[in-house]
Structure formats: C-alpha cells, structure tokens
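Q: predicted model and sequence follow; I will ask about them next.
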Amino acid sequence: MKAIQATQFGDPSVLAVVDLPDPTPGPGQIAIDVTHATVGLIDVLFRRGLFKDVPGMAQPPFVPGLEVAGKVRALGAGVTGLTIGEKVVSMSAGAGTGGYASIYIAPASAVISIERDNIDPILAVAFIPNAAMAHVALTQVAHLSAGETVLVHGALGGFAAAFPGIAKQLGASRVVGTVRASKMEAARKTRLPYDRIVDSADLSSALGDERFDVVIDPVGGVLRSNSFTVMKPGSRLIVAGNASGDWDHQIKSNDLWLGSTTVSGFNAGAYLPTHPQAVRLALEAAVKAAASGLGDMEIDVLPFKEAVKAHERMESRDLAGRIILTPEQ
Ligand SMILES: NC(=O)c1ccc[n+]([C@@H]2O[C@H](COP(=O)([O-])OP(=O)(O)OC[C@H]3O[C@@H](n4cnc5c(N)ncnc54)[C@H](OP(=O)(O)O)[C@@H]3O)[C@@H](O)[C@H]2O)c1
C-alpha cells in the first residue's frame, strides 16, 4: 500500500511517501480501502515529537493520521453488519496513527457506514469522527441540557467546527463561536450552524452581557482564562485541547468557587477506550447530523504527495476549515 511516513520527529519535511506491505484485519477489525484521511493539529504535534516520551506513543518511522473514509476491503473474524465495498468512516482508535495510508485497519467499534445516508466521504471524514467526539463531550462531560447556550473557541478549527451542529442537534438554544480577528471574514461566510461568531481578542466587549452554560475550549492560554468572564453560575468549561501551545496554563481554583463554575477535561484518546458504550450512540448521532447538513464546512483535499504542504498549512494558522489527504491522484 501507499502511505505517508514520518521518517523522524521534526518539521513537515520529515513526511515521505513510502510503499508498505498491505495489512490484514485481525479478529474484530476492519480493513478499509482509504479514499480520504483527515489532517489534524494532533498529527502535527505527533510529528514534532511533542509526546515522544509518553508511554505507548508512536516512534518513527510511523504513519500519522487518526481518521479515514473509504470502502470496506476485508472483515476480520467476528465482524458483522458491514459488507465488502460498503462506504464507511472510522474515528480515531488505538495508537492514533495509521490514517495516511491507502489501507487502514480499524477496530469495528470505531467504524460506521455512510452508505445508507449517502454522505459524501469528504464531508464524512471531515465531520463525523469529530462530531462523535463532540457528542460524547457535550453529553457525557458537559452534560448539556436542551435550551442551554454554548460558546466554542477557535470556532472554525477542525475539532471546534463539529460542536455547533451537535450542540444544536442536542437542543442548545444558541451557539456562539470565537475566532481571531484575521478569521472574521471567513467566519462571516461559514455555513456552520453558529448563531454568531465574535472576535476572541476581547470577549467581554464582543459579548456584552451574554453569559454561557457551556464553553468548549480546544485553544487554551489567555482565551481559556478569559472564558470565566462570560460563564454563568453553574456553567461548565470543557478543556478539549491546547492549540495555543500554552502548556503551563493554570486556573485558580478559588475562582471556580467564587464563580460557581466547573472545569472538566475531555480527551477522546483517554475517554473513549474506557467508555466504549458512548461511542456507537455518538457515531450514529454524528452521521445523522452530517446527513442533516449540520457539518457543512470549508474543506480542501490534497493528494498524499502533498502531505508536507498539508502540514505546513496546518502550522500556518491561516486555515479556516479542514485539510483532507487522498491517496488518489
Ligand atoms: N479532546 C479531544 O478529544 C480532541 C479531539 C481533536 C482535537 N483535539 C485538540 O484540539 C485542538 C485543536 O485541534 P484541531 O485539529 O481542531 O486544530 P485546528 O484545525 O488547527 O484548529 C485549531 C484552532 O485553534 C486556534 N488557535 C489558537 N492558537 C493557535 C495556535 N498557536 N496554533 C494553531 N491554532 C491556534 C485557531 O483558531 P483562531 O485562529 O481563530 O484562534 C484554530 O482554528 C488541538 O489541541 C487538538 O489536540 C482534541
């Protein structure tokens, strides 16, 4: 099979197209002929070696990529409910690698059909895995109730973009996004179901008296600190990433007492393997949301041979949507 390997830790130039042996599925696994694979900020962090000392993390040479769309190539022993050639999408599972390849092996529990709803595989891979994670975060961690309001930071980012559709599907009364000033033009054009998107630089003046029940924060840093100024008593801040790179960020615990607010972390890589019962329901909700047009976003598709460019663009911070890689030329 064709694959993109991170030949060592480093800048995007460490990514190279290689030929590897075709893998076969073991019991409970599915082999997928990949048509599309997502590029996420987490792939960039893995490639740089940010987590290289964390036990179980992939070491070079490894194939990055967490999520794929494609067609079922082969079913491992014990797998039922899918047929060869059926169009599917797989959310991230296991070691969080292997997606930038023309064949991907996924546990059956992470795979769902997109055939019945006839969902475009590009939209499917860009939205459904993140939307399933958003569903788990909003239902199991934020405990979102119908009628509540949600604020999403870095609103056009890959993971963030899944939240407005799922929040609306769960009955949120209003979903507001925040972006940097340079992305306000893209924010005005977005088809994502935000009620409003504001400049993240000055939340208080942009939002006036508006206060939120749930804040989704994949960004961190100053924006995370500023979130407390726009949270209601009883509200929940979900720490869902650290795109800002501020690894030393701290929260004053007494501010949680005074504001009567809650902070929870959500990391799918840690949560989903220990809460498998949440995954199927979330995947089904994500497919429904995709079929209803709740994940309609900007997506650029690049061939595998442009993986270096794809990572350079992820690092540029100019993206206002997602990048997807395809093994097809
Ligand atoms: N909890 C989970 O299970 C989970 C799942 C997927 C991803 N994540 C995490 O969520 C974060 C976002 O991932 P993603 O794939 O959505 O990334 P992305 O598409 O690059 O989006 C990140 C967003 O964060 C904002 N940002 C602020 N400072 C930034 C910086 N220094 N560099 C890059 N972006 C910056 C950007 O919005 P503005 O330009 O508008 O500020 C950007 O749109 C990452 O930390 C990732 O590890 C977590």
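A: Structure's in. What do you need? All values derive from a computational prediction rather than experimental measurement.

Q: next, count neighbours for the closest residue in space to residue 259 that isn't next to it in sequence.
A: Leaving aside its sequence neighbours, residue 259 sits nearest to residue 228 (Cβ to Cβ, 6 or more residues apart in numbering; 5.9 Å). All C-beta atoms are positioned from the backbone trio N, CA, C, and that covers glycine. Residue 228 has 19 neighbours, counted by other Cβ atoms under 10 Å.

Q: how far away is residue 228 from residue 211?
A: Distance, residue 228 to residue 211, using Cβ to Cβ, to the nearest Å: 11 Å.

Q: now the strand ranked longest in the chain: mean pLDDT?
A: Looking across the chain with DSSP state E, the single longest strand is strand 29-39. In this model, strand 29-39 carries a mean pLDDT of 98.

Q: for that strand, which strands pair with it and how are they oriented?
A: Strand 29-39 has the following strand partners under DSSP bridges: strand 68-75 (antiparallel), strand 103-107 (antiparallel), strand 322-326 (antiparallel).

Q: save those as CSV, and put in mean pLDDT, distance to residue 168 and mean neighbour count too.
A: Shown next, in CSV, are the strands paired with strand 29-39 (pLDDT from 0 to 100; distance: least, Cβ to Cβ, whole Å; neighbours: other Cβ atoms under 10 Å):
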stretch, mean pLDDT, distance to residue 168, mean neighbour count
strand 68-75, 98, 23, 22
strand 103-107, 96, 28, 23
strand 322-326, 98, 19, 23
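
Q: looking at these, which is nearest to the ligand?
A: With respect to the ligand, and counting by Cβ to the nearest ligand atom, the nearest of those is strand 322-326 at 6.8 Å.

Q: could I get the closest one in PDB with only the CA atoms?
A: Provided in PDB are the C-alpha atoms of strand 322-326 (Å, rounded to 0.1, in the frame of the first residue of the first chain):
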ATOM      1  CA  ARG A 322     -10.100  21.300   7.200                       C
ATOM      2  CA  ILE A 323      -7.500  19.600   5.100                       C
ATOM      3  CA  ILE A 324      -8.000  16.100   3.900                       C
ATOM      4  CA  LEU A 325      -5.500  13.900   2.200                       C
ATOM      5  CA  THR A 326      -6.400  11.400  -0.600                       C
END
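
Q: what does it contact?
A: Strand 322-326 has contacts (Cβ atoms under 8 Å, 6 or more residues apart in numbering) with 4, 35-39, 65, 100, 122, 125-126, 158, 161, 297-304, 306-307, 310, 313-314.

Q: check these against the ligand, which are close?
A: Residues of the contacts of strand 322-326 in contact with the ligand (Cβ under 6 Å from any ligand atom): 158, 314.

Q: ok, residue 297 - how many residues close by?
A: Neighbour count of residue 297, defined by other Cβ under 10 Å: 19.

Q: so it sits against residue 127, correct?
A: Yes. Applying Cβ atoms under 8 Å, one finds residue 297 in contact with residue 127, separated by 7.0 Å.

Q: between those two, which contacts overlap?
A: residue 161.

Q: quick one on the thing from earlier: okay if I get the strands paired with strand 29-39 as TSV plus distance to residue 223?
A: What follows is those, written out as TSV (distance: least, Cβ to Cβ, whole Å):
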stretch	distance to residue 223
strand 68-75	31
strand 103-107	34
strand 322-326	21
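
Q: redo those strands as a markdown table? Include distance to the ligand.
A: Listed next are the strands paired with strand 29-39 as a markdown table, based on distance: least, Cβ to the nearest ligand atom, whole Å:
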| stretch | distance to the ligand |
| --- | --- |
| strand 68-75 | 15 |
| strand 103-107 | 17 |
| strand 322-326 | 7 |
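
Q: so the residue of the chain most remote from its centre, which of the three states?
A: Distance from the C-alpha centroid of the chain peaks at residue 258, with 32.4 Å (Cα atoms, centre = their mean). Assigned with DSSP: H, G, I helix; E, B strand; the rest coil, residue 258 falls in the helix class.

Q: look up how far residue 120 lies from it.
A: 48 Å.

Q: and if you look at residue 101?
A: Noted for residue 101: a distance of 21 Å to residue 120, by Cβ to Cβ.

Q: before we move on, what about residue 207?
A: 34 Å.

Q: residues of this protein that sit close to the ligand?
A: Proximity of the chain to the ligand, by Cβ under 6 Å from any ligand atom, involves residues 40-42, 133, 154, 156-160, 179-180, 183, 200, 218-219, 240-245, 266-268, 314, 317.

Q: give the buried residues for stretch 7-19.
A: 12, 14-15, 17 (16 or more other Cβ atoms under 10 Å).

Q: the contacts of strand 322-326 in helices, which ones?
A: 122, 125-126, 307, 310, 313-314 (DSSP state H).

Q: quick one, helices of this structure?
A: Ranges of helices in the chain, per DSSP H, are 41-48, 121-136, 163-169, 184-189, 203-207, 221-227, 253-259, 268-274, 277-291, 307-316.
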